Structure formats: C-alpha cells, structure tokens
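Visitor: sharing a sequence plus its predicted fold:
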Amino acid sequence: MSDQTSAPQDELDTSEPKIESHDPAVPPAYSAFMRQGWGDRELDLPPHPVTDHAAARRARLAETFPGERLVLPAGTFKVRSNDTDYRFRPDTAHTYFSGNQTSDAVLVVEDGDAVLYARPRSSRETDEFFRDRAYGELWAGRRPSAHEISSSLGIEVRHIDSLPDALAAPGKTRVHRGVSAAVDALVPGDTGLDADFARVVSEMRLLKDDWEVGELQEACDITALGFEDSVREWDNVLKYGERWLEGTFFRRARAMGNDIGYDSIVGGGKHATTLHWIENSGPITPGELVLLDMGVEGRNLYTADVTRTLPVDGTYTSLQRELYELVLAAQDAGIDAVRPGTAFADVHQASMTVLAHGLEGMGLLPVSAEEALDPESKVYARWTLHGTSHMLGMDVHDCGQASPESYAKGTLAESMVLTVEPGLYFQEDDLLVPEELRGIGIRIEDDILVTADGSRNLSASLPRAAADVEEWMGSLRS
C-alpha cells in the first residue's frame with residue numbers, strides 16, 4: 001500500500017509552513033531569534049545501491065517514449081486523523097525509476113535526461129525549519145538537501161517550486177496519474193496516453209534483475225524471522241490472541257525492514273475463512289488452526305508475501321492434517337508448474353485440479369471433479385475462492401496495470417517472481433459441508449522465482465510439510 005501523509009496542503013506549495021490552529025503564536029522576536037546561530041551540515045552520501053539500476057530503467061523508459069516528457073510523482077502525506085498523518089511511503093513507480101523515497105518529489109524524464117524535482121530541507125532562514133509539522137526539521141526530522149539527494153541517487157535535483165514551469169513547456173507529456181492531485185492538475189489529462197504509460201511502467205517491473213531478487217530474498221528471510229518470533233511468543237499469543245501475533249511480526253518488520261508490505265492477516269479459527277481478515281482482534285483457541293499471511297517490506301521497498309497455517313496446539317488433528325496435506329499437494333502442483341514458457345494461468349489450474357479432485361473425494365462436489373473444473377462450471381471454487389498466484393515485487397500485488405497479454409493471459413519468463421498460494425475455506429455457516437469442516441480455513445503461500453530451468457522458492461526457509469511445521473513449532477517453543 002502507498003499510504004502516505006498530510007493535512008490538506010498542496011505538496012507543490014512551499015511558501016507557508018504547515019501549522020495547526022492550536023499551535024502557539026510566533027512573535028517576530030521569536031521568529032528572528034530562531035533563524036540565528038545554527039550550524040549547517042552538508043553530507044557527501046555514497047551512491048545508493050539502486051543508482052545504476054534506476055538509471056538503466058529510466059533509459060529504457062525514455063526509449064519506449066522517444067521525444068516525450070514522462071512524469072512520475074512520489075505522492076505526499078495522507079491524513080490519518082485530523083492533524084495526524086500516515087507514515088509516508090512513496091509511489092512504487094517513482095521509486096523504481098529514481099530510487100528516491102522522500103515525499104512530494106516528482107521525477108521527470110525527457111529526451112533521455114532526468115530531473116528529480118524534490119522538496120529538500122529548507123533554509124534555516126525560514127520559519128519552516130522550526131514551525132512546519134510536515135517538513136520542518138525540528139518537527140519531522142532532517143530532510144536531505146538537494147546536493148545529498150543528487151549525490152546519492154546520481155540524478156539532477158531541482159526544487160519542486162520550479163516544476164510548474166517545467167511542465168508548462170511545450171511537449172507531449174504523459175503523467176503517472178492518481179498519485180499526486182497537485183501534479184495531475186498541472187497537466188491536462190489524456191486517458192489514452194496516461195493509461196498506456198501506466199501499462200508500460202507496470203510491465204517493466206515484471207522481470208526482476210539480480211539486485212531486485214536479492215532484495216526480495218532478504219525480505220523473505222526477515223519475514224521468516226518474524227514468523228519465528230511469533231511462535232516463540234506463543235504463551236502470549238494464547239493470552240492476547242491475534243493482536244499479539246500482528247504486533248510481534250510488525251516489530252520484526254520495523255526493526256529490520258521498512259514496514260510490513262501489507263496489513264497482516266492473522267486469522268484464528270473461523271477468521272481464517274475470511275480472505276482479507278485484517279482486523280486481527282480475535283482469540284487464538286487451542287484445538288483450532290491459525291492462518292498467518294504476513295510479509296516484510298525491506299528498506300528498498302521490496303516485499304515478501306508468505307502464508308502458513310499453524311496448529312494452535314502445535315500438532316494437527318487427523319482432520320486438520322488431511323485438509324492441510326491436500327492444500328500442500330495443490331501448492332506443490334502449482335510450484336511444479338512454474339517454469340519459463342508456462343502460461344501464468346496454468347499455475348492456478350494445476351493447483352485447482354488437485355483441490356477439485358480432493359473435494360470430489362470428500363463427497364462435496366455436486367458433479368465430478370472434471371466437470372467442476374470446466375470454465376463454465378467452477379463450482380469447486382465455492383471452497384477455494386481466489387486465484388493461486390500474483391506477481392510480487394515492490395508492490396505485494398505487483399505490476400497491477402500490466403496488460404492481460406503480458407500478465408494474467410501471458411506466459412512466465414525467467415526472473416519473474418510470483419506467489420503460489422492455494423487455499424481451502426469452509427465457512428462456518430456452509431450447510432453443504434459436514435459440521436466438522438465448518439469454520440476451517442487453510443492457505444499455504446510461498447514466493448517463487450522463475451529460473452532458467454524451473455523455479456526457486458525464496459521463502460523455503462519456513463517449513464511447509466505438516467510434520468516439519470510441528471517440529472519447527474516445537475523447537476521454537478521449547
């Protein structure tokens with residue numbers, strides 16, 4: 001999610017500090033005194049690891065739209081409540097092509113050149129320094145200077161105040177819209193041009209380079225530590241419920257990464273049958289299962305997305321194990337299908353074939369498994385609900401504006417990263433299943449890199465097989 005921050009204020013307006021009605025008055029004498037006697041610091045930052053990659057991405061983007069002006073905003077702060085804001089997270093496309101993570105910046109690529117219009121730290125000779133709640137150094141911390149941003153990211157930096165004039169110059173302009181209302185307002189919209197731009201920006205992220213794969217691997221490794229933390233604190237989990245699991249994982253995500261990549265799903269018992277259960281307010285009850293769908297977003301914004309369904313008692317009952325192993329077999333079939341040249345949809349079909357035959361064997365389908373798998377039927381999906389895979393990268397559901405031909409209706413290629421996450425969900429009020437199944441939800445999810453000859457599981461350090469899960473839980477709780 002790109003949850004960002006700020007009380008209503010145009011991010012391009014840097015003329016007045018952002019203050020609130022309850023802030024004390026600032027007499028001229030105080031204002032003048034606060035502008036004096038400060039030491040200054042200008043840092044020479046080393047190149048960011050993404051610098052060369054981002055430059056190559058910009059070059060490819062410019063080649064796709066020769067002679068055009070391409071505008072990619074970072075976005076600004078978003079209000080959480082009254083005068084409090086969400087922690088800022090830049091738009092993915094902006095950071096992918098620039099490396100920048102500061103708010104209110106806008107990347108402009110034109111004729112192969114790139115300029116980052118940024119809001120650097122203000123002069124100590126302005127009130128912003130000590131009064132502005134969103135940008136003032138004494139309120140929100142030190143923002144980098146234009147020189148520091150430029151030296152780190154290897155890109156020309158100009159002040160955001162000069163952006164309106166730059167965008168007013170003649171030339172064909174495409175904007176990555178919906179990120180910044182202020183930037184959208186500066187350039188008349190062209191639905192066709194801008195939609196095609198968004199498509200290309202998404203499709204360029206389908207293939208991950210080695211640096212990106214390393215970032216995703218790190219996110220998966222930290223995620224595994226977060227799962228381990230959660231099990232180590234099982235006594236408190238039993239005492240405080242889903243909230244403790246959510247909070248425990250979040251602690252690891254903030255300590256070693258940037259944040260969580262998405263709101264954690266902690267579904268104890270029947271809550272596991274709600275696909276996006278993010279309220280996480282229920283109990284963790286002995287004898288039941290708990291579904292944990294959680295992922296760490298790393299410092300460079302690449303996220304993991306992993307799900308495990310654990311037995312609260314540390315050991316699956318015979319029924320839980322039977323259902324779990326069916327889902328695991330479906331996931332194995334999906335993972336086995338991942339290789340270059342495989343249709344993206346075939347991964348889903350491989351997993352669903354296993355689940356449909358399993359549901360048939362349980363006597364739940366009103367027709368045969370083969371009939372249920374017919375696209376004109378799909379009655380098995382009453383208990384599987386969702387697709388098996390999505391692309392993964394800087395967004396948990398990455399490349400969302402790619403064309404169907406490149407993604408959902410396309411084929412897999414080496415260096416793509418996708419999830420494989422089949423599940424079974426028996427709702428508590430589903431009268432078409434035996435009572436003992438009602439309220440059980442199971443999903444197993446891993447992050448899979450497409451390799452030259454098959455695939456590699458980036459999240460393989462977390463056990464998947466039922467016996468391995470039980471042994472892992474036992475070792476962490478002992």
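Guide: On my side now, so go ahead.

Visitor: mind listing the helices for the stretch 351-478 of the chain?
Guide: Counting by DSSP state H, counting those that start in this stretch, the stretch 351-478 of the chain has these helices, from start to end: 369-373, 466-477.

Visitor: mind putting those into a markdown table with mean neighbour count, distance to L12 and mean pLDDT?
Guide: Where you see a C-beta, it was placed from the backbone N, CA and C, and this is true even at glycine. What follows is the helices of the stretch 351-478 of the chain, written out as a markdown table (neighbours: other C-beta atoms under 10 Å; distance: least, C-beta to C-beta, whole Å; pLDDT from 0 to 100):
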| stretch | mean neighbour count | distance to L12 | mean pLDDT |
| --- | --- | --- | --- |
| helix 369-373 | 18 | 53 | 98 |
| helix 466-477 | 16 | 50 | 97 |
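
Visitor: where does the protein have low pLDDT?
Guide: Along the chain, the model assigns pLDDT under 70 to residues 1-10, 13-15.

Visitor: in terms of residue numbering, what are the domains of it?
Guide: Following automatic domain parsing, the chain resolves into domains at 28-203, 210-477.

Visitor: want to throw those domains into JSON lines with distance to P17?
Guide: As requested, the domains of the chain are exported to JSON lines (distance: least, C-beta to C-beta, whole Å):
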{"stretch": "domain 28-203", "distance to P17": "4"}
{"stretch": "domain 210-477", "distance to P17": "27"}
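
Visitor: which one of those domains lies closest to E11?
Guide: domain 28-203 (3.7 Å; C-beta to C-beta).

Visitor: how much distance is there from that closest one to the middle of the chain?
Guide: On the basis of C-alpha atoms, centre = their mean, to the nearest Å, domain 28-203 sits 20 Å off its chain's mean C-alpha point.

Visitor: what's the end-to-end length of that domain?
Guide: Taking C-alpha to C-alpha, to the nearest Å as the measure, domain 28-203 stretches 54 Å from start to finish.

Visitor: got it, and stretch 233-252?
Guide: From its first residue to its last, stretch 233-252 covers 13 Å (C-alpha to C-alpha).

Visitor: what residues sit buried inside it?
Guide: Under the neighbour-count criterion of 16 or more other C-beta atoms under 10 Å, stretch 233-252 has 233-234, 236-237, 241-250, 252 buried.

Visitor: in strands, which of the residues you listed appear?
Guide: Members of the buried residues of stretch 233-252 lying in strands (criterion: DSSP state E): none.

Visitor: excluding its backbone neighbours, what's nearest D429?
Guide: If you skip the residues right next to it in sequence, D429 has R438 as its closest partner in space, 7.3 Å away by C-beta to C-beta, 6 or more residues apart in numbering.

Visitor: ok, that neighbour to G423 distance?
Guide: 16 Å (C-beta to C-beta, to the nearest Å).

Visitor: farthest pair in the buried residues of stretch 233-252?
Guide: Among the buried residues of stretch 233-252, G241 and R252 lie farthest apart (C-beta to C-beta), at 18.7 Å.

Visitor: quick one: distance of the longest helix anywhere in the chain to the chain centre.
Guide: In the chain, with assignment by DSSP state H, the single longest helix is helix 210-232. Put simply, helix 210-232 sits 14 Å off its chain's centre (C-alpha atoms, centre = their mean).

Visitor: buried ones in it?
Guide: 212-213, 215-231.

Visitor: ditto for stretch 367-384
Guide: By neighbour count on 16+ other C-beta under 10 Å, the buried set for stretch 367-384 is 369, 372-373, 377, 379-380, 382-384.

Visitor: so which of the residues you listed comes closest to I155?
Guide: T384 (46.0 Å).

Visitor: give me the phi and psi angles of that closest one.
Guide: Note on T384: its backbone torsions stand at phi -120, psi -30 [degrees, to the nearest 10].

Visitor: ok, A195 - how many residues close by?
Guide: Other residues within reach of A195, judged by other C-beta atoms under 10 Å, total 12.

Visitor: over to the one 5 residues further on?
Guide: Using other C-beta under 10 Å, V200 is surrounded by 18 other residues.

Visitor: am I right that it sits in a helix?
Guide: Yes - membership of V200 in a helix is supported by DSSP: H, G, I helix; E, B strand; the rest coil.

Visitor: need phi/psi at the nearest residue to it once chain neighbours are set aside.
Guide: Nearest non-adjacent residue to V200, counting by C-beta to C-beta, 6+ apart: T64, 5.6 Å away. Phi and psi for T64, reported as degrees, to the nearest 10, are phi -70, psi -30.

Visitor: can you report how many residues lie near T64?
Guide: 15.

Visitor: next one: N82
Guide: Neighbours around N82, by other C-beta under 10 Å: 8.

Visitor: tell me the spacing between it and W244.
Guide: 29 Å.

Visitor: now the strands for the stretch 301-450 of the chain?
Guide: Applying DSSP state E, counting those that start in this stretch to the stretch 301-450 of the chain gives strands spanning 306-311, 417-420, 423-426, 440-443, 446-451.

Visitor: do the same with the stretch 51-200 of the chain
Guide: Under DSSP E, counting those that start in this stretch, the stretch 51-200 of the chain gives strands at 69-73, 79-81, 84-85, 106-110, 113-118, 156-159, 173-175.

Visitor: how about JSON lines for the strands of the stretch 301-450 of the chain, with mean neighbour count and distance to A195 added?
Guide: Output for those, formatted as JSON lines (neighbours: other C-beta atoms under 10 Å; distance: least, C-beta to C-beta, whole Å):
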{"stretch": "strand 306-311", "mean neighbour count": "24", "distance to A195": "32"}
{"stretch": "strand 417-420", "mean neighbour count": "26", "distance to A195": "24"}
{"stretch": "strand 423-426", "mean neighbour count": "24", "distance to A195": "33"}
{"stretch": "strand 440-443", "mean neighbour count": "24", "distance to A195": "33"}
{"stretch": "strand 446-451", "mean neighbour count": "22", "distance to A195": "27"}
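
Visitor: turn those strands into a markdown table, columns for distance to V71.
Guide: Compiled in a markdown table, those are given as follows (distance: least, C-beta to C-beta, whole Å):
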| stretch | distance to V71 |
| --- | --- |
| strand 306-311 | 35 |
| strand 417-420 | 28 |
| strand 423-426 | 40 |
| strand 440-443 | 39 |
| strand 446-451 | 32 |
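
Visitor: which of those sits closest to V187?
Guide: Closest to V187 of those, according to C-beta to C-beta: strand 417-420, at 33.0 Å.
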